[in-house]
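Chemist: have a look at this prediction, sequence included:
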Amino acid sequence: MTRRTLIAANWKMHGLRGDLGFIGELDARLGAARPDAGILICPPATLLAEAASACAAHGFLAGGQDCAVADSGAFTGDLSAGMLRDAGASHVIVGHSERRAGHGETSVLVKAKAEAALRAGLTPVICIGETLAERDAGRAEAVTGEQLAASWPARGVAKDIVVAYEPVWAIGTGRTASLADIAAMHAFIRAAAPGGGGAALRILYGGSVKPDNAAGILALDDVDGALVGGASLQAASFAAVISAAQSRRHGLRFADN
Ligand code: 13P
């Protein structure tokens with residue numbers, strides 16, 4: 001089963017229209033060294049339409065960072081998955097830990113958002129991952145397994161879904177999980193994919209992915225790409241992370257970090 005690599009930028013609440021030169025610069029920096037991978041940029045919603053046209057012109061994908069459950073209606077301030085699609089998105093991140101923790105989003109809500117994404121023709125990027133306390137208590141698999149099962153859209157098929165494993169304690173902290181832990185968690189998630197279609201499921205790793213650790217992470221068998229926060233804000237560092245995906249094609253293997 002070949003799963004196409006996906007390298008995704010989550011800009012979070014960063015970026016103004018004047019920053020969109022990033023997209024052309026990224027293309028120029030990748031040049032001929034562009035790996036065979038989907039490259040997805042998830043800017044803030046205010047930039048999505050403009051970013052999506054630029055992304056299309058440069059062979060990149062664009063995505064949202066969140067969507068509403070409903071398709072339309074009296075939901076002031078919310079954006080439907082259909083609106084994101086209309087603005088040019090192909091993907092939408094749902095259930096990011098910053099929304100689970102900061103906005104009280106439960107897996108029940110995340111599941112409904114993933115279903116809304118699929119209804120609109122978007123690929124949901126469902127984020128799961130344990131806190132440090134949960135890992136220290138030996139509950140990393142139990143917690144992520146529960147999140148995976150409870151966030152999975154009804155009748156969802158693995159090939160239409162992306163899961164991002166983002167251990168909460170590795171996000172924005174400069175700490176990454178060890179390669180052995182990442183490999184074990186990704187293998188666990190693949191085996192636990194609802195419906196048994198794990199072989200077709202793309203599983204991204206996220207949490208302090210940087211140019212200097214990306215090649216080792218992306219070389220792991222069950223890692224199908226990365227969801228990158230801080231290092232995706234500069235074209236130079238994001239290009240370096242993307243270029244590290246070459247390690248997958250060459251089948252390199254790295255010692256644990
Ligand atoms: P950092 O790469 O800044 O740790 O963020 C990861 C993340 O949350 C991506 O969604």
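Modeler: Looks like it came in fine. A quick note: this is a predicted structure, and the numbers were derived from the prediction, not measured.

Chemist: run through the stretch 101-250 of the chain and note the low-pLDDT ranges.
Modeler: Within the stretch 101-250 of the chain, the segments meeting pLDDT under 70 span 249-250.

Chemist: what parts of the stretch 151-257 of the chain come near the ligand?
Modeler: With the criterion set to C-beta under 6 Å from any ligand atom, the stretch 151-257 of the chain comes near the ligand through 166, 171, 172, 206, 207, 208, 209, 227, 228, 229, 230, 231. Just so you know, the C-beta spots here come from the backbone N, C-alpha and C atoms, and that holds for glycine as well.

Chemist: let's see that with 5 Å instead.
Modeler: Residues of the stretch 151-257 of the chain lying close to the ligand (C-beta under 5 Å from any ligand atom) are 171, 172, 206, 208, 227, 229, 230.

Chemist: secondary structure and neighbour count added to the residues you listed, as a markdown table?
Modeler: Below are these laid out as a markdown table (DSSP: H, G, I helix; E, B strand; the rest coil; neighbours: other C-beta atoms under 10 Å):
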| residue | secondary structure | neighbour count |
| --- | --- | --- |
| 171 | coil | 21 |
| 172 | coil | 13 |
| 206 | strand | 26 |
| 208 | coil | 20 |
| 227 | strand | 27 |
| 229 | coil | 20 |
| 230 | helix | 18 |
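
Chemist: how about the strands of the stretch 151-257 of the chain, start to end?
Modeler: 162-165, 202-206, 225-228 (DSSP state E, counting those that start in this stretch).

Chemist: now residue 179: how far from residue 124?
Modeler: Noted for residue 179: a distance of 27 Å to residue 124, by C-beta to C-beta, to the nearest Å.

Chemist: neighbour-wise, which of those two wins?
Modeler: residue 124 (30 against 20; other C-beta atoms under 10 Å).

Chemist: hang on, that one is in a strand, isn't it?
Modeler: Yes. Counting by DSSP: H, G, I helix; E, B strand; the rest coil, residue 124 is part of a strand.

Chemist: quick one: contacts for it?
Modeler: 91, 92, 93, 94, 113, 114, 117, 118, 153, 161, 162 (C-beta atoms under 8 Å, 6 or more residues apart in numbering).

Chemist: so which of those belong to helices?
Modeler: Among these, DSSP state H puts 113, 114, 117, 118 in helices.

Chemist: okay, those in TSV with distance to the ligand and neighbour count next?
Modeler: Output for the ones in helices among the contacts of residue 124, formatted as TSV (distance: C-beta to the nearest ligand atom, whole Å; neighbours: other C-beta atoms under 10 Å):
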residue	distance to the ligand	neighbour count
113	15	24
114	16	29
117	16	31
118	20	19
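
Chemist: excluding chain neighbours, what is closest to the residue in the chain that the ligand sits nearest to?
Modeler: Relative to the ligand, the nearest point of the chain is residue 229 (2.3 Å; C-beta to the nearest ligand atom). The spatially closest residue to residue 229, leaving aside those adjacent along the chain, is residue 10, at 5.3 Å (C-beta to C-beta, 6 or more residues apart in numbering).

Chemist: what sits against that neighbour?
Modeler: Residue 10 makes contact with 42, 65, 93, 96, 206, 227, 228, 229, 232 under the criterion C-beta under 8 Å, 6+ apart.

Chemist: next up, phi/psi of the fourth one, please.
Modeler: To tie it back to what came earlier, the one meant is residue 96. phi -60, psi 150 (degrees, to the nearest 10).

Chemist: could you do the first one as well?
Modeler: Residue 42 has phi and psi values of phi -110, psi 90 when expressed as degrees, to the nearest 10.

Chemist: over to the second one?
Modeler: The main-chain torsion angles of residue 65 are listed as degrees, to the nearest 10 and equal phi -100, psi -10.

Chemist: who's in contact with it?
Modeler: Contacts of residue 65 by C-beta under 8 Å, 6+ apart are 10, 11, 12, 42, 44, 45, 92, 93, 96.

Chemist: hmm, which of those are the buried ones?
Modeler: For these, a neighbour count by 16 or more other C-beta atoms under 10 Å gives the buried set as 10, 11, 12, 42, 45, 92, 93, 96.
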